[in-house]
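Asker: compute the structure for the input listed below.
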Amino acid sequence: MLNNEKNKHYYTHLFFCIGITGCEDKTSVDWYVNHHNEMISKYTKCLLAKSWDDITCQNARSAINLEADKPDVRNGVIEARRQVMNRAMKGGDL
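Answerer: Predicted structure coming up:
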């Protein structure tokens with residue numbers, strides 16, 4: 001009986017942990033490949049912040065490279081670079 005209680009307790013915690021972490025990693029390269037708007041948004045934020053150390057930025061950039069032939073991605077990259085140039089022209093740094 002004690003063993004069944006331990007198993008029940010273990011599985012309750014296991015399912016709780018799985019539930020709070022979710023079933024889909026929303027920062028993986030594959031996720032970004034399938035969610036272009038979020039990929040472009042994250043890429044733009046990382047580009048503006050010059051922050052490529054974070055794994056989500058690396059994954060967004062990798063997904064951008066994989067999807068570079070898609071028109072929406074090309075346009076998103078152009079827009080991201082335009083934002084960087086506009087900031088630089090207003091006195092920000094590159």
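
Asker: gap between residue 63 and residue 41?
Answerer: Distance, residue 63 to residue 41, by CB to CB, to the nearest Å: 12 Å. In short, each C-beta sits where N, CA and C put it, glycine included.

Asker: more neighbours, the two?
Answerer: residue 63 (25 against 15; other CB atoms under 10 Å).

Asker: what's around the residue lying closest to the more buried one once chain neighbours are set aside, how many residues?
Answerer: Closest residue to residue 63 apart from its sequence neighbours, by CB to CB, 6 or more residues apart in numbering: residue 32 at 3.5 Å. Neighbourhood size, residue 32 [other CB under 10 Å]: 25.

Asker: how about the closest residue to residue 55 other than its chain neighbours, secondary structure?
Answerer: Nearest non-adjacent residue to residue 55, counting by CB to CB, 6+ apart: residue 27, 6.7 Å away. With DSSP: H, G, I helix; E, B strand; the rest coil as the basis, residue 27 sits in coil.

Asker: what do you get for residue 60?
Answerer: Following three-state DSSP, residue 60 is assigned to helix.
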